[in-house]
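> need coordinates for the following:
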Amino acid sequence: MKAVEVTGTLDEKGQLYLDRPIEKFPPSRVRVIVLFPEVTEEIETDPDDTPIEEIKASLRRALQEAKSGQTRPISELWERIDGE
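Okay, here's the model as predicted:
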């Protein structure tokens, strides 16, 4: 067997919904192991768990801003980073 790690959500009916599809495998039966956080553990948030649609929308806005000339010189960005 091959292991693939993916996150998901368990709803109130006990149905599991994966955050992303598992690709490159043919349709088949699978074994599932579900890991729940301990009650005392803080639920970790993955910095890479931004929904794809939100990322796409952000990229579209950035492209529109670049096309319309709403940009800043790189030097300004470095000044803001150094100031923090």
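
> from here on, just use CA atoms for contacts and neighbour counts.
Noted.

> pLDDT score assigned to the residue nearest to the spatial centre of the chain?
By C-alpha atoms, centre = their mean, the chain has its centre lying nearest to Asp49, at 2.2 Å. If you check Asp49, the pLDDT there is 74.

> again with Pro37
In this prediction, Pro37 carries a pLDDT score of 78.

> again, but for Glu84
56.

> cool, and Gln15?
Gln15 is given a pLDDT of 94.

> quick one: neighbours of it, just the number.
9 (other C-alpha atoms under 10 Å).

> gap between it and Val4?
According to C-alpha to C-alpha, to the nearest Å, Gln15 and Val4 sit 19 Å apart.

> same question for Arg72.
In terms of C-alpha to C-alpha, Arg72 sits 42 Å off from Val4.

> so the residue nearest to the centre of the chain: helix, strand or coil?
Following DSSP: H, G, I helix; E, B strand; the rest coil, we place Asp49 in the coil state.

> in contact with it, which residues?
Residues near Asp49 by C-alpha atoms under 8 Å, 6 or more residues apart in numbering: none.

> for it, give me the backbone phi and psi.
For Asp49, the backbone dihedrals (degrees, to the nearest 10) come out as phi -100, psi 20.

> pull the distance from the least confident helix or strand in the chain by mean pLDDT to the chain's centre.
Within the chain, confidence by mean pLDDT, DSSP states H and E is lowest for helix 74-83 among all helices and strands, at a mean of 72. Distance of helix 74-83 from the chain centroid (C-alpha atoms, centre = their mean, to the nearest Å) equals 27 Å.

> got the CA positions of it in CSV?
The C-alpha coordinates for helix 74-83 follow below in CSV (Å, rounded to 0.1, in the frame of the first residue of the first chain):
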residue,chain,number,x,y,z
ILE,A,74,10.9,47.4,-5.3
SER,A,75,13.0,49.8,-3.2
GLU,A,76,9.8,50.9,-1.3
LEU,A,77,9.0,47.4,-0.5
TRP,A,78,12.4,46.8,1.0
GLU,A,79,12.1,50.0,3.0
ARG,A,80,8.8,48.7,4.5
ILE,A,81,10.4,45.3,5.3
ASP,A,82,13.5,46.9,6.9
GLY,A,83,11.3,49.2,9.0
